[in-house]
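Participant: got a predicted model here, sequence first, then my questions.
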Amino acid sequence: LTPILEETLIKRSQQKKRTSPLNYKERVFVLTKSKLTYYELRAEKRFKKGSVDLQRIRCVEIVKNNTTIIPCQNKYPFQSCKQFREETDSRALTLTHDERNLPSSGWDCRWCDEIKNNVQIAAKFHPQFWQEGEWLCCGQVDKLAPGCEGYNL
Ligand code: 4IP
Ligand code: ZN
């Protein structure tokens, strides 16, 4: 399938297992009509690391993270993150830009515009991360708990 968008972004580990580390990796993201796939770039070659089926994305969260400095190799405070949450499990693919590549807030993001046309979006989302057993925004302890903030489209 033809790529619609390609961009190098920083992703948070999806933490599929309880023991998964929480870290951030720079990856090349490629969006097509049906999938969002990410690759590691090494010696100018692309190695596929993962992919998300757009049909399964139910929620695009705009994570507010204006004050925290994320400890990773790209040592920049992030203005905002976009998190793509899947319907049937608690995995979330979180993409961030660093401040050299400032995104605007809300839906004003090329990725979000493309993706929102392809997916079923839940009415509400969580504006902060799920971390150490709870949603930092609302304190709910169920990772699949419904969002606590409505979209302002
Ligand atoms: C890995 O950490 C990377 O962050 C993976 O990201 C991530 O997989 C793993 O999380 C996490 O354990 P290390 O490289 O330090 O081992 P990537 O695939 O981009 O390299 P995801 O699922 O986020 O792709 P788990 O939970 O998937 O294992
Ligand atoms: Zn919440």
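Facilitator: Received the coordinates, thanks. Treat the numbers as computed from the prediction; the structure is a model and nothing was measured. Residues are numbered from 1 along each chain as shown. Ligands and ions are numbered 1, 2, ... in the order given.
Participant: in which helix or strand would I find Leu36?
Facilitator: Using DSSP states H and E, Leu36 sits within strand 35-42.
Participant: likewise Glu114?
Facilitator: Short version, using DSSP H and E: Glu114 is in helix 110-116.
Participant: which is the next helix or strand following that helix?
Facilitator: As the chain continues past helix 110-116, the following element, by DSSP H and E, is strand 124-125.
Participant: sheet partners, orientation included, of whichever helix or strand comes after that next one?
Facilitator: Sequence-wise, the next helix or strand downstream of strand 124-125 (DSSP H and E) is strand 130-131. If you go by DSSP bridges, strand 130-131 pairs up with strand 134-135 (antiparallel).
Participant: what does the helix or strand following the strand it pairs with contact?
Facilitator: Note on strand 134-135: by DSSP H and E, the next helix or strand toward the C-terminus is strand 149-150. With contacts defined as CB atoms under 8 Å, 6 or more residues apart in numbering, strand 149-150 is touched by Ala123, Lys124, Phe125, His126, Pro127, Cys137. For glycine as for every other residue, the C-beta is placed from the backbone atoms N, C-alpha and C.
Participant: got a pLDDT number for Thr2?
Facilitator: On pLDDT, Thr2 comes in at 90.
Participant: list the contacts of it.
Facilitator: Counted by CB under 8 Å, 6+ apart, Thr2 has contacts Thr32, Lys33.
Participant: now it: phi and psi?
Facilitator: Main-chain torsions, Thr2, degrees, to the nearest 10: phi -70, psi 130.
Participant: that one and ligand 1, how far apart?
Facilitator: 23 Å (CB to the nearest ligand atom, to the nearest Å).
Participant: tell me which helix or strand of the protein sits lowest on mean pLDDT?
Facilitator: strand 80-86 (a mean of 63; mean pLDDT, DSSP states H and E).
Participant: and the helix holding Glu114, what's buried?
Facilitator: For helix 110-116, a neighbour-count test (16 or more other CB atoms under 10 Å) marks Trp111, Cys112, Glu114, Ile115, Lys116 as buried.
Participant: do the same with stretch 26-34
Facilitator: Residues Arg27, Val28, Phe29, Val30, Leu31, Thr32 are the ones in stretch 26-34 that count as buried (16+ other CB under 10 Å).
Participant: same list (those) but as TSV, adding pLDDT, secondary structure and distance to ligand 2.
Facilitator: Compiled in TSV, the buried residues of stretch 26-34 are given as follows (pLDDT from 0 to 100; DSSP: H, G, I helix; E, B strand; the rest coil; distance: CB to the ion, whole Å):
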residue	pLDDT	secondary structure	distance to ligand 2
Arg27	88	strand	26
Val28	89	strand	30
Phe29	86	strand	25
Val30	90	strand	30
Leu31	88	strand	26
Thr32	91	coil	31
